[in-house]
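Participant: All I have is the shape, not the residue letters:
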């Protein structure tokens, strides 16, 4: 599906972080390699055994806040996930097309909001090492609201907090179930990221348009001012 976005009708752009603004390769390596390796050393089990145990743990809480929660994994695995993230934070990488998009949004009067399911400690590490926060108008971590993006309660709370108008909002994320949740809430434009991880093959979206380079959006954005200058 191709993206057909009318920028005249968009005041606010809400963006995911990992896989959307940052290369998901860091998280893939961290959660699928570094954490199982640490568990293998800690428990004296083989890497394969640690990997199988981790897979079961991950799937049991997928699409819940616990999946993203450093404190939860500290309790479950007795690993200091926050410290491990901080130690490796220097390896986090921006996507090549992130800063051109954010600069264009600011230049052409659209509000940019980062909305991530990441734990606040992880968000802080990634902002510190990438400088991404200075290019965004607002940074939001869903654990502070008590719900993940998969939950309609989260969207209601974010709307109350920010005043964004779903009918005048573009939401970009690399997860189709999360795009589904945003669409159910009434967000007019939901856009997927087909290449969230530089180390993996592109993914396919079945229910939402998707793209691989945000720079494809910029010519249309440059030519269209919002049809309402009263940005909410």
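Facilitator: Now that the structure is in, tell me what you want to look at. It should be emphasised that the depicted structure is a prediction, and the values quoted were computed from it without experimental measurement.
Participant: quick one: the strands in the protein?
Facilitator: 12-15, 111-116, 138-141, 169-173, 189-193, 210-211 (DSSP state E).
Participant: what pLDDT, on average, does the second one get?
Facilitator: The predicted model assigns strand 111-116 a mean pLDDT of 98.
Participant: so that strand versus strand 169-173, what angle?
Facilitator: 40 degrees (axes from the mean of the first three to the mean of the last three CA atoms, to 10 degrees).
Participant: Give me the buried positions along the top helix by length along the chain.
Facilitator: Criterion DSSP state H: the longest helix present in the chain is helix 47-60. Residues of helix 47-60 classed as buried by neighbour count (16 or more other CB atoms under 10 Å): 50-51, 53-54, 57. (Glycine included, C-beta is placed from N, CA and C.)
Participant: which residues of this structure score low on pLDDT?
Facilitator: 1-3, 228-232 (pLDDT under 70).
Participant: now with 90?
Facilitator: Within the chain, the stretches falling below the threshold (pLDDT under 90) are 1-5, 62-64, 67, 222-232.
Participant: those helices in the chain, which residues are they?
Facilitator: Counting by DSSP H, the helices of the chain are 25-29, 35-43, 47-60, 65-68, 70-77, 81-88, 98-107, 120-130, 152-162, 176-185, 218-222.
Participant: so what secondary structure elements neighbour the longest one?
Facilitator: I take that to be helix 47-60. Under the contact definition 3 or more CB pairs under 8 Å, 6 or more residues apart in numbering; DSSP states H and E, helix 47-60 sits against helix 35-43.
Participant: buried stuff in the helix it packs on?
Facilitator: 35-36, 38-40.
Participant: Out of those, which comes closest to residue 225?
Facilitator: Proximity to residue 225 was ranked across the buried residues of helix 35-43 by CB to CB; first place goes to residue 35, at 46.4 Å.
Participant: Can you say which of the strands of the chain is nearest to residue 69?
Facilitator: Going by CB to CB, the one of the strands of the chain nearest residue 69 is strand 138-141, 10.8 Å.
Participant: elements contacting that closest one?
Facilitator: Strand 138-141 packs on strand 111-116, helix 120-130, helix 152-162, going by 3+ CB pairs under 8 Å, 6+ apart.
Participant: helices or strands next to the shortest one in the packing?
Facilitator: It refers to strand 111-116. For strand 111-116, the packing partners by 3+ CB pairs under 8 Å, 6+ apart come out as strand 12-15, helix 98-107, strand 138-141.
Participant: Tell me the spacing between residue 152 and residue 101.
Facilitator: 27 Å (CB to CB, to the nearest Å).
Participant: So between the two, which is more surrounded?
Facilitator: More neighbours surround residue 101 than the other of residue 152 and residue 101, with 23 against 13 (other CB atoms under 10 Å).
Participant: Residue 89 is nearest to which of the helices and strands packed on strand 111-116?
Facilitator: strand 138-141 (15.9 Å).
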